[in-house]
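> Here is a sequence together with a model predicted from it:
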Amino acid sequence: MFDFLCEVIEHDEVSKEYCLLKLFAGEIAHTARPGQFVHLRIPGLEQGSLRRPFSIFNTDKGLLWILYKSVGRGTEVMKKLEPGEEVKVIGPLGNGFPLQREVESILVAGGYGVAPLYFLATRLKRKGVLVVGGRSADDILVTDMFVGMGWRVVVATVDGSSGVKGLVTDPLLDELKRVEATGGGCELFVCGPDGMLRAVGELARQYGCKAWLSLDKHMVCGVGACLACVQKLRRSDGSTWVGRVCSDGPIFEAGEIVW
Ligand SMILES: Cc1cc2nc3c(=O)[nH]c(=O)nc-3n(C[C@H](O)[C@H](O)[C@H](O)COP(=O)(O)OP(=O)(O)OC[C@H]3O[C@@H](n4cnc5c(N)ncnc54)[C@H](O)[C@@H]3O)c2cc1C
Ligand code: FES
């Protein structure tokens, strides 16, 4: 884990409400694993304001890419960052996704949930399918980057403005049936809002496959010290414990989570 002052190299809007920020982050970028995140202190927010957690979207020659949605005070101020400005970054944090997989990988994303999955897709040897959902076409991001790497992309939007009309679980069900019909196995890698994580975890259970969920919790310290991000979890023997999403996660297998 490193604590660096990182220079903004590029900062662009990728779609309504979504931006891509590229920071020069040296060792943070070099040592990052898919599914890990960074904790950013946004310059311009008042003294003593909290850091904000963001998934690592990609790394490239010391650059750290962050794909984010503007949702509130911190991300509104973050949108104003210009190349040449500096941002305090702690990372890489968290456990990351498991990488050595034998079976087909199905990536499932809701909105900015695509961020940790792109980095994962760059590292998985066997290409699979990305199933991505959002409220409208504006929430469907960077799918061309997955296609460019040889991934198949299936889109669902609630208003039908892109892909099939419906929830991400609708086309996901078709994919699970396809895998079941071929007799092959699959594992799901999932990032999105809680309701989606829960629904996808339940589908995975029904089809007997693992689902690795990236949890999105409010954080304060980001390093396991404050207990702001606790989550009730289940061990394989059925007993429960309370974990910290920032340091024990943010990735958990769906069966571990007590919703
Ligand atoms: C491990 C992790 C990885 C994340 N990765 C990304 C990412 O790659 N891209 C991205 O855009 N966002 C990501 N987030 C969410 C991001 O941290 C929040 O959107 C951000 O902190 C909001 O800050 P704000 O000051 O703009 O919003 P605030 O003013 O603090 O809040 C605005 C609204 O957003 C909600 N909100 C705030 N924080 C969160 C959160 N953690 N989860 C859900 N809702 C929240 C609040 O309840 C409120 O409704 C991630 C969160 C975690 C925990
Ligand atoms: S944010 Fe402090 S323990 Fe997780």
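Cool, the structure landed. Ligands and ions are numbered 1, 2, ... in the order given.

> going forward, measure contacts between C-alpha atoms and count neighbours the same way
OK.

> pLDDT weak spots in this protein?
Filtered on pLDDT under 70, the chain yields no residues whatsoever.

> can you list the domain ranges for it.
Segmentation of the chain into domains, based on automatic domain parsing, reads 2-93, 104-214.

> Can you check which of those domains gets nearest to ligand 1?
Nearest to ligand 1, of all the domains of the chain, is domain 2-93, at 3.1 Å by CA to the nearest ligand atom.

> so Gly243 sits right up against Leu233, yeah?
Yes - the criterion here is CA atoms under 8 Å, and Gly243 meets it with Leu233 at 6.5 Å.

> which neighbours do the two share?
Residues within reach of Gly243 and of Leu233 at once, by CA atoms under 8 Å, 6 or more residues apart in numbering: there are none.

> Make a markdown table out of the domains of the chain and add distance to Gly222.
Listed next are the domains of the chain as a markdown table, based on distance: least, CA to CA, whole Å:
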| stretch | distance to Gly222 |
| --- | --- |
| domain 2-93 | 7 |
| domain 104-214 | 15 |
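
> Nearest to ligand 2 among these would be which one?
The minimum distance between ligand 2 and these falls on domain 2-93, with 9.3 Å, by CA to the nearest ligand atom.

> Tabulate the domains of the chain (TSV), appending mean neighbour count.
Listed next are the domains of the chain as TSV, based on neighbours: other CA atoms under 10 Å:
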stretch	mean neighbour count
domain 2-93	19
domain 104-214	19
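
> Turn those domains into TSV, including distance to ligand 2.
What follows is those, written out as TSV (distance: least, CA to the nearest ligand atom, whole Å):
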stretch	distance to ligand 2
domain 2-93	9
domain 104-214	14
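
> Of the ones you listed, which is nearest Asp237?
Using CA to CA as the criterion, the shortest distance between Asp237 and those is 16.9 Å, found for domain 104-214.

> So which residues on the protein come close to ligand 1?
Within the chain, the positions lying close to ligand 1 (CA under 6 Å from any ligand atom) are 37, 52-55, 67-75, 112, 115, 216-218, 250.

> Remind me which helix or strand the closest residue to Cys19 other than its chain neighbours belongs to.
Beyond its immediate neighbours in the sequence, the residue positioned closest to Cys19 (CA to CA, 6 or more residues apart in numbering) is Glu13, lying 4.2 Å away. The secondary structure element spanning Glu13 is strand 2-15 (assigned by DSSP states H and E).

> That strand pairs with which strands?
strand 18-24 (antiparallel), strand 86-93 (antiparallel) (DSSP bridges).

> Surely the residue nearest to Cys19 touches Leu67?
No - when contacts are counted by CA under 8 Å, Glu13 is not listed as touching Leu67 (9.6 Å).

> hang on, the earlier thing: filter the residues of the chain next to ligand 1 down to the ones in strands?
When the residues of the chain next to ligand 1 are checked against strands (DSSP state E), the matches are Phe37, Arg52, Pro53, Phe54, Ser55, Leu67, Tyr68, Lys69.

> In this model Ala115 seems to touch the first one, though I could be wrong.
No - because the distance of 10.2 Å does not satisfy CA under 8 Å, Phe37 is recorded as not touching Ala115.

> Helices along this protein, start to end?
Defined through DSSP state H, the helices belonging to the chain, from first to last, are 27-31, 73-78, 114-123, 143-148, 169-182, 194-206, 245-248.

> Present those helices as CSV; the columns should include distance to Pro43.
As requested, these are arranged in CSV below (distance: least, CA to CA, whole Å):
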stretch, distance to Pro43
helix 27-31, 19
helix 73-78, 8
helix 114-123, 22
helix 143-148, 30
helix 169-182, 38
helix 194-206, 29
helix 245-248, 22
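
> So for Gly94, which of the ones you listed sits nearest?
Evaluated over the helices of the chain, closeness to Gly94 peaks at helix 245-248, with 5.0 Å, by CA to CA.

> Cool, thanks, signing off.
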